[in-house]
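Engineer: Just to be clear, the model below is a prediction. Sequence and coordinates:
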Amino acid sequence: MIATTKVPWAVDPVFRKRFPMRIYVHLPDKFAREEFLRKELSKKGIKSIEEEIQLIANKTENYSFGDMINMLKEVSQKEKDHKLQIDDFLSYLSKTKSSVTEDELSRMTEFTNEFGYF
C-alpha cells in the first residue's frame, strides 16, 4: 500500500505504523525545475531562451511540480492574446507564492529525521 501526505506529523501514530517505510520526496531543485520548463515549453512549441529558463527556475525555488504546472496553465492562457514572453511568467510569479511554506519544509525535515528516510 502507498500513501502520500504533505502533513505526515498529523497522521495518527497507530495508522503510521502500518507504513514501515516513509520516504521524503524533496521539492524539485533548480536543475529539475529547468528541465521541467524546457520539456513543458517544448511540448507547447515555445522556443525558450536558456537565460529565461534559468531566471524562472531561480524564481521558483520551493515550488512543487504542482505549483509549476499551475503556473504553466495560468500563463498559457495569455497565449490566446499574444505569444508567451518572460514577462508573463514574471508577472505570475510576482503575484503567486509556493504552496509549500518554510514552516512546512522545516517540519517535514524534522519528521523525516525522526521517522523516515531521505
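Structural biologist: Yep, that arrived.
Engineer: Now do the SS call for V100.
Structural biologist: Look at V100: counting by DSSP: H, G, I helix; E, B strand; the rest coil, its state is coil.
Engineer: Quick one: neighbours of it, just the number.
Structural biologist: The tally of other residues near V100 (other CB atoms under 10 Å) stands at 16. For glycine as for every other residue, the C-beta is placed from the backbone atoms N, C-alpha and C.
Engineer: M68 too?
Structural biologist: By the measure other CB under 10 Å, the count of residues near M68 is 20.
Engineer: List the residues that contact it.
Structural biologist: P28, R33, F36, L37, E40, T60 (CB atoms under 8 Å, 6 or more residues apart in numbering).
Engineer: Q54 too?
Structural biologist: Applying CB under 8 Å, 6+ apart to Q54 gives the contacts E34.
Engineer: Which pLDDT value goes with it?
Structural biologist: Note for Q54: predicted pLDDT of 96.
Engineer: Give me the distance between it and L37.
Structural biologist: Between Q54 and L37 the computed distance is 9 Å (CB to CB, to the nearest Å).
Engineer: State the phi and psi torsions of I23.
Structural biologist: phi -120, psi 130 (degrees, to the nearest 10).
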